[in-house]
Structures are given as C-alpha cells and as structure tokens.
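Undergrad: what follows is a predicted structure for the sequence shown.
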Amino acid sequence: MVQALSERDDSGGPSARSRRVQGIVVMGVSGSGKSTLSARLGAALDCPVLEGDDYHSAANVAKMEGGHPLTDADRWPWLDRLGAALGEAASAHGIAVAACSALKRSYRERLASASAVPLRFVLLATDADEIARRMASRAGHYMPPSLLGSQLATLEPPGADEPAITLDAAERPDTLCRQALEWVDGVPV
C-alpha cells in the first residue's frame, strides 16, 4: 500500500521538488525483490542503477557464502562505498537508484552521509515464508536461505521521521514500480 499521496504542480506534472538531485534506495532483506524493483525504477526514471551486492568486499561475500552473517564492522566500508557511488551517480544524472538491504537505521544514516545527496528509501516487506520461497528458488546468489533469520532479526523498519515508504513485496513488480514512482513524484526531498 502506498503511504504517501502524489503531489502535483499546477500543470499536473510531477512536483518540481521531487526532481531535485536525489538517490532512491530500494531496501529489504535478501529475496525481497530489491534488484527487480531497482531495475524497473531505473528504466522508468532513465537513471543509473547500482546493485549494492557489487560493492561488497570479497571477504564479505565469502563470509556470507559460508553462512555467516555480517557484522556492523563488515558493513561500514561497504555502505561507505555504495553511498559514495550513489551520490556520484545522482549528482551526475540528477537521480540514481540503488538496491541495498539497508536493514538498520544506522545503515541508512551511513548511506546518506556517504552519498552527500538526499536519499529516500523504499522498503519491500512481506512475510518470511514468501521470502524463504524466493530465496530457495533462485540460483547463483551467494546469500544462503539460512541467513534469512538473521536478516529479519536485524531489520529495523524505517521510522516515521525517515524519508521512506513501505510496499508489499508480494505485489507484482509493475505495481510496485508504479507505487514507488507515485511516492517519489509526490514527496519533496
């Protein structure tokens, strides 16, 4: 469900405030659909899309492949790299999208600090059984389904004071994209 109504300028087009330089982070646990929605948003907005997994160190990937959850100390350099890249892409193109778990408020704050541009967050949430089913059916990803429990335990949904929306990840990707775009167009940065 969309948690913000679309705001339009006098011409009926997207609010000019929504088109300021910004980054959009599609967040959630592994298997929630972050990469799929990020790609759709990037295509709809004609902007760069960054895959957060690409910014992990080899050591982080090996740790996750081995079934071990990352610590905050493991995540800080990753969040700094991704945040900086997102900020550069948004500054160069006006807007950019990233897929990133961003499970804790402190991680979202770290991303925002490293990006140096306003960020908005789209949380994809659904029940654990649906996520587990998705994770079990995908091939070629280093995140094993055994780590889902630790991700769900770590997840801190965005607070009311954060620039964020929560969408039902069980919805079709085109529906999620439309809902996210309506929110981006209607909420000032």
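TA: In hand now; what should we look at?
Undergrad: what's near enough to touch the residue nearest the centre of the chain?
TA: By C-alpha atoms, centre = their mean, the chain has its centre lying nearest to Val26, at 1.9 Å. Taking C-beta atoms under 8 Å, 6 or more residues apart in numbering, we find Val26 in contact with 34, 37-38, 41, 97-100, 122, 124, 180. In this view, the C-beta of every residue, glycine as well, is placed from N, C-alpha and C.
Undergrad: so which of those residues sit within strands?
TA: 97-99, 122, 124 (DSSP state E).
Undergrad: quick one: secondary structure of the residue nearest to the centre of the chain?
TA: Classification of Val26 using DSSP: H, G, I helix; E, B strand; the rest coil returns strand.
Undergrad: show the pLDDT at it.
TA: Looking at Val26, its pLDDT is 98.
Undergrad: from Trp183, how far out is it?
TA: Counting by C-beta to C-beta, to the nearest Å, the separation of Val26 from Trp183 is 12 Å.
Undergrad: okay, and the common contacts of these two?
TA: Residues within reach of Val26 and of Trp183 at once, by C-beta under 8 Å, 6+ apart, are Val122.
Undergrad: helix or strand next in line after the lowest-mean-pLDDT helix or strand in the chain, which one?
TA: Sorted by mean pLDDT, DSSP states H and E, the helices and strands of the chain end with helix 128-137, the least confident at a mean of 65. On the C-terminal side of helix 128-137, the closest following helix or strand by DSSP states H and E is helix 148-154.
Undergrad: buried residues in the next helix or strand after that following helix, which are they?
TA: Following helix 148-154 in sequence order, the next helix or strand is strand 164-168 (DSSP H and E). Buried residues in strand 164-168, counted by 16 or more other C-beta atoms under 10 Å: 164-167.
Undergrad: pull the distance from stretch 159-177 to the chain's centre.
TA: Chain-centre distance of stretch 159-177: 10 Å, with C-alpha atoms, centre = their mean, to the nearest Å.
Undergrad: ok, which pair from the buried residues of strand 164-168 is furthest apart?
TA: Largest separation among the buried residues of strand 164-168 by C-beta to C-beta: Ala164 and Leu167, giving 10.2 Å.
Undergrad: shared neighbours of the two, anything?
TA: 122-123.
Undergrad: point out where the chain drops to low pLDDT.
TA: Applying pLDDT under 70 to the chain flags the ranges 1-19, 128, 131-132, 134-149, 187-189.
Undergrad: state the distance from Leu119 to Cys47.
TA: In this view, Leu119 and Cys47 are 14 Å apart by C-beta to C-beta.
Undergrad: the more surrounded of these two?
TA: Remark: of Leu119 and Cys47, Leu119 carries more neighbours, 27 against 19, as counted by other C-beta atoms under 10 Å.
Undergrad: what sits against that one?
TA: Applying C-beta under 8 Å, 6+ apart, we find Leu119 in contact with 22-25, 86, 108, 111-112, 163.
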